[in-house]
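K.L.:
what's the 3D shape of this:
(one chain, ligands or ions: 1)
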Amino acid sequence: MAPLRHLLSIEDLGGAAGIEEVLRLTDSFVEVSERAIPRVPALRGKTVASLFYEDSTRTRLSFEAAAKRLSADTMSFSVSSSSVKKGESLRDTALTIEAMGVDAIVVRHSSSGAPQRVASWVGASVVNAGDGWHEHPTQALLDLYTIRQRLGGLDGRHIAVVGDVKHSRVARSDVLAFTALGATVTLVAPGTLLPPDLTGWPVETSHDLDAVLPNVDVVYLLRMQRERMTEALVPSLREYTARFGLTVRRAGRLADGAIVMHPGPMNRGVEIAPEVADLPASTIVDQVRNGVAVRMAVLYLLLGAGTDRVPTTDALALDPEEPLRRPAEVDA
Ligand code: NCD
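P.N.:
Numbering: from 1, shown residues only. As a prediction, the model looks like this:
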């Protein structure tokens, strides 16, 4: 893969080889994350700023945890407590953050293409943490990593992506990522929640979840993103759940070994029954855990790798500035 300057879309990784490279690197950072002191000096001296114009729990915390585990300094910006409230533009805000000396800016915005715009204004690397209905590439990478961990690989797997595909940046990045690694994707949704034009999407579609479930290795559920809907696209949530929710009865139609995924935040009782979310087949907690290591890999590729793509033993060594470890940990 050519050196990575920004991660705005899954396509920036240049196909299967680039994606595999991130997943391989993630293996190293999963190992780091399992250490008693999950911190390495790889990005010491670098600063990672997060610029979030939309609410977020896991994505924001995950990027911050990733940057900290790599020993980078972090700066955090949220619209509700910033000068955006006073009318500052995205461009001026981005330039202000850059002037403070940052190496990477992690951007979430309700407008598709906002991270791309930021990338055109600043010298820092930009990571797209979700832009409008467009893309959410690190979510797709952590989803791939989780599928690989549970099922051994993507090639030849059949994945159903169920629900509000129309408003989902996760679905767009996932379809690109899953199919790049050889999986087949079926989108399952009412017609009103599918994108109006699927030309060029390498997918099948269905309106019948019961018929699709027995044939898939992965069922990937999406939240009804009501904050992005401008009109009533389903008659009622109850009706949606009756046809497209993964109820306990429906989960019984899944083949042995099939897994249930969700990017969070879940609306238990709408797209997924509470009991199903907690089944061993559910990977929801694994996805969050893997998210930190995947984001470490992405930040490392952007800021730490240079031409040396494999982290050196030095970069992954214990942080010499850490306080002395307890004797039990030294013995372990
Ligand atoms: C998603 C998002 O914000 O795009 N969540 C996430 O990042 N894990 C999905 C959603 O909002 O439903």
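K.L.:
hey, let's count contacts and neighbours off CA atoms from now on
P.N.:
Fine.
K.L.:
how about the helices of the stretch 51-200 of the chain, start to end?
P.N.:
58-69, 90-99, 114-121, 137-151, 169-180 (DSSP state H, counting those that start in this stretch).
K.L.:
tell me the mean pLDDT over the fourth one?
P.N.:
With pLDDT averaged residue by residue, helix 137-151 scores 98.
K.L.:
Report the buried residues of it.
P.N.:
137-147 (16 or more other CA atoms under 10 Å).
K.L.:
and of the residues you listed, the nearest to the ligand?
P.N.:
Comparing these against the ligand with CA to the nearest ligand atom places residue 139 closest, at 6.5 Å.
K.L.:
nearest spatial neighbour of the closest one, skipping sequence neighbours?
P.N.:
residue 170 (6.6 Å; CA to CA, 6 or more residues apart in numbering).
K.L.:
re earlier: pipe the helices of the stretch 51-200 of the chain into a markdown table and attach distance to residue 194 per row.
P.N.:
Formatted as a markdown table, the helices of the stretch 51-200 of the chain follow (distance: least, CA to CA, whole Å):
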| stretch | distance to residue 194 |
| --- | --- |
| helix 58-69 | 25 |
| helix 90-99 | 30 |
| helix 114-121 | 23 |
| helix 137-151 | 19 |
| helix 169-180 | 11 |
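K.L.:
Dump those helices into a markdown table; add distance to the ligand as well.
P.N.:
What follows is the helices of the stretch 51-200 of the chain, written out as a markdown table (distance: least, CA to the nearest ligand atom, whole Å):
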| stretch | distance to the ligand |
| --- | --- |
| helix 58-69 | 5 |
| helix 90-99 | 19 |
| helix 114-121 | 14 |
| helix 137-151 | 6 |
| helix 169-180 | 6 |
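K.L.:
where in the chain is pLDDT low?
P.N.:
81, 85, 230-231, 305-332 (pLDDT under 70).
K.L.:
For the residue nearest to residue 139, list the residues it contacts.
P.N.:
Residue 170 makes contacts with 130, 135-137, 139-140, 263, as judged by CA atoms under 8 Å, 6 or more residues apart in numbering.
K.L.:
if you set the cut-off to 10 Å instead, what comes out?
P.N.:
If a contact means CA atoms under 10 Å, 6 or more residues apart in numbering, then residue 170 has 130-131, 133-140, 143, 161, 222, 262-263 as its contacts.
K.L.:
of all those residues, which two lie farthest apart?
P.N.:
Maximum pairwise distance in those, criterion CA to CA, is 19.3 Å, between 131 and 161.
K.L.:
For the most centrally placed residue in the chain, list the residues it contacts.
P.N.:
A centroid search over the chain (CA atoms, centre = their mean) returns residue 139, at 1.2 Å, as the residue closest to the centre. Neighbour list for residue 139: 10, 59, 129-130, 145, 169-171, 173-174, 263, 287-288, 290-291, 294-295 [criterion: CA under 10 Å, 6+ apart].
K.L.:
Would you state the strands of the stretch 1-150 of the chain in chain order?
P.N.:
47-52, 73-78, 104-109, 125-131 (DSSP state E, counting those that start in this stretch).
K.L.:
how about the residues of the chain near the ligand?
P.N.:
Contact residues, the chain versus the ligand (CA under 6 Å from any ligand atom): 59, 130, 169-170, 223, 225, 263-265.
K.L.:
which of the residues you listed sit farthest apart?
P.N.:
Between any two of these (CA to CA), the greatest distance is 16.4 Å, for 59 and 225.
K.L.:
out of these two, which sits in the more crowded spot?
P.N.:
Of the pair residue 59 and residue 225, residue 59 is the one with more neighbours under other CA atoms under 10 Å, namely 24 against 14.
K.L.:
list the helices and strands the longest helix anywhere in the chain packs on?
P.N.:
The single longest helix within the chain, with elements called by DSSP state H, is helix 16-33. With contacts taken as 3 or more CA pairs under 10 Å, 6 or more residues apart in numbering; DSSP states H and E, helix 16-33 sits against helix 58-69, helix 137-151, helix 169-180, helix 284-299.
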